[in-house]
Every structure is written in C-alpha cells, then in structure tokens.
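**Q** turn this into a structure:
(one chain, ligands or ions: 2)
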Amino acid sequence: MEPILKTENLWKIYRSSQVEVSALQGVNFEVYPGEFVAVMGPSGCGKSTLLYVIGGLTQPTRGRVLVDGNDLAALSDAERTRLRRHKIGFVFQRFNLLPTLTARGNIAIAQHIHGNGFDPHRFAVITRMLGLTERLQHRPAELSGGEQQRVALARAVIHEPKLLLADEPTGNLDTRNSEIVLGMLRQLNRELGQTIVMITHNPEAAAYASRVVHMRDGVIVDGIPAD
Ligand SMILES: Nc1ncnc2c1ncn2[C@@H]1O[C@H](COP(=O)(O)OP(=O)(O)OP(=O)(O)O)[C@@H](O)[C@H]1O
Ligand SMILES: [Mg+2]
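**A** Ligands and ions are numbered 1, 2, ... in the order given. Just a heads-up that it's a prediction; the model follows:
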C-alpha cells in the first residue's frame, strides 16, 4: 500500500535578521491510508511546523513532501492550493469559524470553497456523526466551545479529504468536551476510514490514535518516549 503522506529528510529553518531556528531537522515520516496518528513532543520541538509543511502552508527549506504521491515542491502555487483544498482538511486549536454564518453555513461554505458542490448526503452523515443536527441554525456565539470545534471538524472533513491535519484540536476544550471531540475523531477514522494526523501534548488524547510518534528537537524519535 502506498502512503498517503511521505516526508523525506524534511528541514525547515526559520531565518530572521538575528537568529536561525532549525525547527525541522530531517524528518522522515509516513502515514498510510486509514491511520490515525498522534504526534507528541515538547513545546517548540517542531510539531506545528511539521503540520504546516505537510499541509503545504509553509515551504520546507530542504527535503520532500509527497501527498497522495504528489511532490508538493513540483507543483505551482495554484496547483498546490488546489491539492490542499481537495485533499487536506485542517483543524486548529482555535475554531476559526465565521461569526456571521450559522453552523450550517460554516460547513456548507467549506464544501463550496473546495469546489465539490453541496452534497446533502455527505452533509447529513457528517453532521449526524458529529452530533450537530440540532445545532445547525446556531451561530458560533450561540454554541459551546465543544460544539464550535465539532462544527470546525465537520467543515474540515465535509469534502472527504484524503488527510485530516489537526493541531491541538482539544487545546481549548475542557476534559469532557475533549473526550467528545476525540471520540468523534476516532469515529471518523474507524467508520469512514478518515486518515488523521493529530498533534497533541496530552497522552490521554494520544491514546485515541492508532499510532503515536514522538518528536524532539525537530526530528521524529519514533518509539522513544520524549519524557
Ligand atoms: N514563523 C516562525 N519564525 C521563526 N521561528 C519560528 C516560527 N514558527 C516557529 N518557530 C520556531 O520554531 C520552533 C518550532 O516551533 P513549532 O511551532 O513548530 O513548535 P511546536 O512543537 O508546535 O510547539 P508547541 O507545542 O508550543 O505548539 C520553535 O523554536 C519556534 O520558536
Ligand atoms: Mg504547536
């Protein structure tokens, strides 16, 4: 089976006028279809940078990223944007919902942006699985934090991305809502086969994944717990 994601000797060096930070120092990482991978590691070890490079939001300094067999560096900016929109979904710690739209509007506009048109069946399956059926007419300000993150999650997967990238998706949630959102991620993975890469600090969150990798100082130290 081909990996859905493969990175080869990935480096990211941030250069500002005074300092250089080597956030990624040769990351080799593969994710296969149907996996739910948690990436753990101490603050500043490069987790978010890895996610942004994988997602095509930031260019690596060196090395390659292959998403579904496509070398991101070989694509034009427009092609990379198209690939990102079609094949990748993002969830972040902040929910980033549009405040003037209802939950339904926030999810539907994502389907529109991804160019897939509105698919009522997919919309019904996802909103039911995420327990949002009764909340679709609410605006973000009228939803709890947990509900807002579930809307963000629906928005991220509505277009059937090959890969869902989540950066601390429960970082702003209390324990109970974290458990609900993590349970839903696991359900998306198990029932719909959604491939997921999730960054987390929290071992309890990582336990929901099917595989855990550890990062330290810009590299993956697979299997070796990072404290
Ligand atoms: N845009 C940037 N410019 C310069 N340095 C950056 C930039 N973004 C991140 N860094 C640095 O790169 C390193 C890795 O940052 P990154 O955000 O990837 O870490 P992280 O593992 O996600 O940390 P956290 O768990 O705190 O979110 C850090 O030393 C950070 O200060
Ligand atoms: Mg981070």
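**Q** tell me, how many residues neighbour the nearest residue to residue 83 once chain neighbours are set aside?
**A** Leaving aside its chain neighbours, residue 83 sits nearest to residue 70 (5.9 Å; criterion: Cβ to Cβ, 6 or more residues apart in numbering). Every residue, glycine included, has its C-beta placed from N, CA and C. Using other Cβ atoms under 10 Å, the number of residues around residue 70 comes to 15.
**Q** check the one 5 residues further on too.
**A** Other residues within reach of residue 75 by the criterion other Cβ under 10 Å amount to 16.
**Q** got the contact list for it?
**A** residue 83 (Cβ atoms under 8 Å, 6 or more residues apart in numbering).
**Q** show me what the residue nearest to residue 83 is bridged to.
**A** Beta-bridge partners of residue 70, counted by DSSP bridges, are residue 67.
**Q** how near is it to residue 39?
**A** As judged by Cβ to Cβ, to the nearest Å, residue 70 and residue 39 stand 21 Å apart.
**Q** check residue 212 too.
**A** Applying Cβ to Cβ to residue 212 and residue 39 gives a distance of 8 Å.
**Q** those two: who's more crowded?
**A** residue 39 (26 against 19).
**Q** dihedrals phi and psi, that one?
**A** phi -110, psi 120 (degrees, to the nearest 10).
**Q** beta partners of it?
**A** So, taking DSSP bridges as the rule, residue 39 has residue 199, residue 213 as bridge partners.
**Q** that one reaches residue 197, doesn't it?
**A** Yes. Counting by Cβ atoms under 8 Å, residue 39 touches residue 197, with 6.5 Å between them.
**Q** overlap of the contact sets of those two?
**A** Joint contacts of residue 39 and residue 197 (Cβ under 8 Å, 6+ apart) are residue 51.
**Q** kindly report the residues of this protein close to ligand 1.
**A** Contact residues (Cβ under 6 Å from any ligand atom) of the chain with ligand 1: 14, 21, 23, 41, 43, 44, 45, 46, 47, 48, 49.
**Q** return the distance of the residue nearest to residue 83 relative to residue 82.
**A** Counting by Cβ to Cβ, the gap from residue 70 to residue 82 is 10 Å.
**Q** try residue 42
**A** Noted for residue 42: a distance of 35 Å to residue 82, by Cβ to Cβ.
**Q** before we move on, what about residue 52?
**A** 18 Å.
**Q** please identify which of these two sits among more neighbours.
**A** It is residue 52, of residue 52 and residue 82, that has more neighbours when counted by other Cβ under 10 Å, with 18 against 14.
**Q** what kind of secondary structure is that one in?
**A** State at residue 52, reduced to three classes by DSSP: H, G, I helix; E, B strand; the rest coil: helix.
**Q** tell me the contacts of it?
**A** Contacts of residue 52 (Cβ under 8 Å, 6+ apart): residue 58.
**Q** need the pLDDT of it.
**A** pLDDT, residue 52: 96.
**Q** number the chain from 31, please
**A** Sure thing, new numbering starts at 31, so read that last one as residue 82.
**Q** what separation do you get for it and residue 54?
**A** For residue 82, the distance to residue 54 - Cβ to Cβ - is 10 Å.
**Q** in what helix or strand does the residue nearest the centre of the chain lie?
**A** Centrality entry for the chain: nearest residue to the mean C-alpha point is residue 195, 1.4 Å, by Cα atoms, centre = their mean. Taking DSSP states H and E as the criterion, residue 195 maps to strand 193-197.
**Q** list the neighbouring strands of that strand plus their orientation.
**A** Sheet partners assigned to strand 193-197 using DSSP bridges are listed as strand 118-121 (parallel), strand 225-229 (parallel).
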